[in-house]
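Visitor: Just a sequence and a predicted model for now, questions to come.
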Amino acid sequence: MARATGDTAGGGAAQDVPPEQIGYRGPTACAATGITYRQLDYWARTGLVEPSVRPAYGSGTQRLYSFRDVVVLKIVKRLLDTGVSLQNIRTAVRHLRSVGPTELARMTLMSDGATVYECTSPDEVVDLLQGGQGVFGIAVGVVWRDVESSLSQMHGERVDTGETLVGDNPADELARRRNRAG
């Protein structure tokens with residue numbers, strides 16, 4: 001997952017930051033998920049996927065999304081791309097938010113284009129396919145790892161201090177300079 005690399009604001013060596021202490025601004029969430037900022041803004045304003053770290057409070061404030069929020073955003077995009085209705089996506093998002101991270105990472109979502117089904121074992125996937133209901137599936141663990149990989153190359157922000165964290169991208173000299181100057 002994202003972690004501080006290079007010099008930090010305090011000038012010391014990089015320290016791993018717990019994932020729950022990292023937030024991602026809108027443009028980073030968009031880049032990691034393949035959605036537009038307009039989509040992100042609309043989804044936040046309509047309550048489809050709201051940032052759990054920090055919502056926008058009027059003009060000039062930045063929303064801050066958790067890692068889990070970014071995973072959910074990517075799943076929403078995949079469901080929309082396959083034609084699932086917004087109503088069914090809202091139901092799926094509520095469910096995704098209600099399960100723990102371990103369960104989420106093990107989950108497979110299947111859909112027939114209308115309804116979204118949760119499968120937590122290979123047997124459930126087979127049963128759904130044999131019943132003629134499943135048309136496509138989303139292995140949430142694969143999405144999880146994909147988002148982890150994407151975010152490791154991007155900026156995060158410490159939730160407690162606001163310090164910019166640089167992912168594993170050694171080419172990001174500008175962010176390191178900003179942290180040293182801050």
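Guide: Right, received. Where do you want to start? Numbering: from 1, shown residues only.
Visitor: the bottom helix or strand of the protein by mean pLDDT?
Guide: helix 173-181 (a mean of 50; mean pLDDT, DSSP states H and E).
Visitor: what sits up against stretch 80-100?
Guide: 48-49, 72, 75-76, 79, 104, 107, 109, 111, 113-116, 118, 135-136, 140 (CB atoms under 8 Å, 6 or more residues apart in numbering). Where you see a C-beta, it was placed from the backbone N, CA and C, and this is true even at glycine.
Visitor: Now it: buried residues?
Guide: Leu80, Val84, Ile89, Ala92, Val93, Leu96 (16 or more other CB atoms under 10 Å).
Visitor: which residue is nearest the centroid of this protein?
Guide: Val70 (1.2 Å; CA atoms, centre = their mean).
Visitor: Contacts only, for that residue.
Guide: Taking CB under 8 Å, 6+ apart, one finds Tyr24, Ala29, Ala32, Thr33, Val147, Leu151 in contact with Val70.
Visitor: Would you mind measuring from it to Val135?
Guide: 26 Å (CB to CB, to the nearest Å).
Visitor: Have a look at the contacts of Val70 and tell me the least confident one.
Guide: Lowest pLDDT within the contacts of Val70 is found at Leu151 (91).
Visitor: Counting neighbours, what do you get for that residue?
Guide: As a burial measure, Leu151 scores 25 neighbours (other CB atoms under 10 Å).
Visitor: Pretty sure the residue nearest to the centre of the chain sits in a strand.
Guide: No - with DSSP: H, G, I helix; E, B strand; the rest coil as the criterion, Val70 is helix rather than part of a strand.
Visitor: And the pLDDT for it?
Guide: 96.
Visitor: And Val125, by the same measure?
Guide: On the pLDDT scale, Val125 gets 82.
Visitor: Once you drop chain neighbours, what's closest to it?
Guide: Cys119 (4.6 Å; CB to CB, 6 or more residues apart in numbering).
Visitor: And the one you found, how far from Asp160?
Guide: On the measure of CB to CB, Cys119 and Asp160 end up 37 Å apart.
Visitor: Gln39 now?
Guide: 29 Å.
Visitor: Tell me which of those two has more neighbours.
Guide: More crowded of Gln39 and Asp160, by other CB under 10 Å: Gln39, with 18 against 9.
Visitor: re the thing from before, tell me the least confident of the buried residues of stretch 80-100?
Guide: For the buried residues of stretch 80-100, the pLDDT minimum is Val84, 89.
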